[in-house]
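>>> 3D, please:
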Amino acid sequence: MSDRKPTNPKEAWGSEKAPISTVSMPVLLELGVAMLEGALKYGRHNYRKAGVKASTYHEAAGRHMASFWEGEDIDPASGISHVTKAIASLMVLRDSMIFGNWVDDRPPKMHVGWMEDLNAKAKALCAKYPNAVPAVTALNFDTYGSPLEDAVRGLAEDPEK
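Predicted coordinates for the structure are as follows:
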């Protein structure tokens, strides 16, 4: 690191070790609260003894991210951010992977390069439509209106749609 204090021997020894200062403390502590919920419900670090199935935690993280993506920021069952709950699910999965007590029940592997193939198709579509209509988001909803309202308006104008 370029900002090392050369006169501090501890800093010289520690500056190239796994850092904690690169991790967001608010997120880390929110994660601690999410993990506390699991500890209270199932027993702290129960996943290390019991092991986990990849599909269970993939599904949990996916459901929390879907809820977040559809506009629900807070999990109503816990009062904790859906994003934080997804991180907690991934943390349990990764911990079990590190400890070697997970069940790899993923589907058979895809061929190497499948994501690059899809990215190339997406890039080609973006080039084909360089002036795409902007997405309707929470940030510009008032500007573009409701997609449902637009669809209903379109049906009223042309019932053949």
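>>> What about Ile87, how many residues nearby?
Per other Cβ atoms under 10 Å, the neighbour tally for Ile87 reads 20. Using the backbone N, CA and C atoms, a C-beta is placed for each residue, glycine as well.
>>> which ones are touching it?
Applying Cβ atoms under 8 Å, 6 or more residues apart in numbering to Ile87 gives the contacts 27, 31, 34.
>>> Now it: which helix or strand?
With the criterion set as DSSP states H and E, the secondary-structure element containing Ile87 is helix 82-99.
>>> Just the buried positions in that helix, please.
Within helix 82-99, the residues that qualify as buried are 82-89, 91-93, 96, counting by 16 or more other Cβ atoms under 10 Å.
>>> just checking, next helix/strand downstream of that helix?
Next helix or strand after helix 82-99 toward the C-terminus (DSSP H and E): strand 102-103.
>>> outside of that next one, which residues touch it?
Contact with strand 102-103 is made by 51-54, 93, 96, as judged by Cβ under 8 Å, 6+ apart.
>>> Nearest to Val136 among those?
Leu93 (33.6 Å; Cβ to Cβ).
>>> re the thing from before, distance from the chain centre to the helix holding Ile87, please.
On the basis of Cα atoms, centre = their mean, to the nearest Å, helix 82-99 is displaced by 10 Å from the centre of the chain it belongs to.
>>> quick revisit: which of the contacts of Ile87 tops the neighbour count?
Neighbour max across those (other Cβ under 10 Å) = Ala34, 23 neighbours.
>>> quick one, phi psi at that residue?
phi -60, psi -40 (degrees, to the nearest 10).
>>> contacting residues around it?
Remark: with contacts taken as Cβ under 8 Å, 6+ apart, Ala34 is in contact with 78, 80, 84-85, 87-88.
>>> Glu30 is in contact with Thr84, correct?
Yes: when contacts are counted by Cβ atoms under 8 Å, Thr84 is listed as touching Glu30 (4.7 Å).
>>> Could you chop this structure up by domain?
Here the chain is described, according to automatic domain parsing, as comprising the domains 22-103, 114-157.
>>> Just say which of those domains is most tucked in.
Ranked by average neighbour count under the criterion mean count of other Cβ atoms under 10 Å, the domains of the chain are headed by domain 22-103 at a mean of 15.
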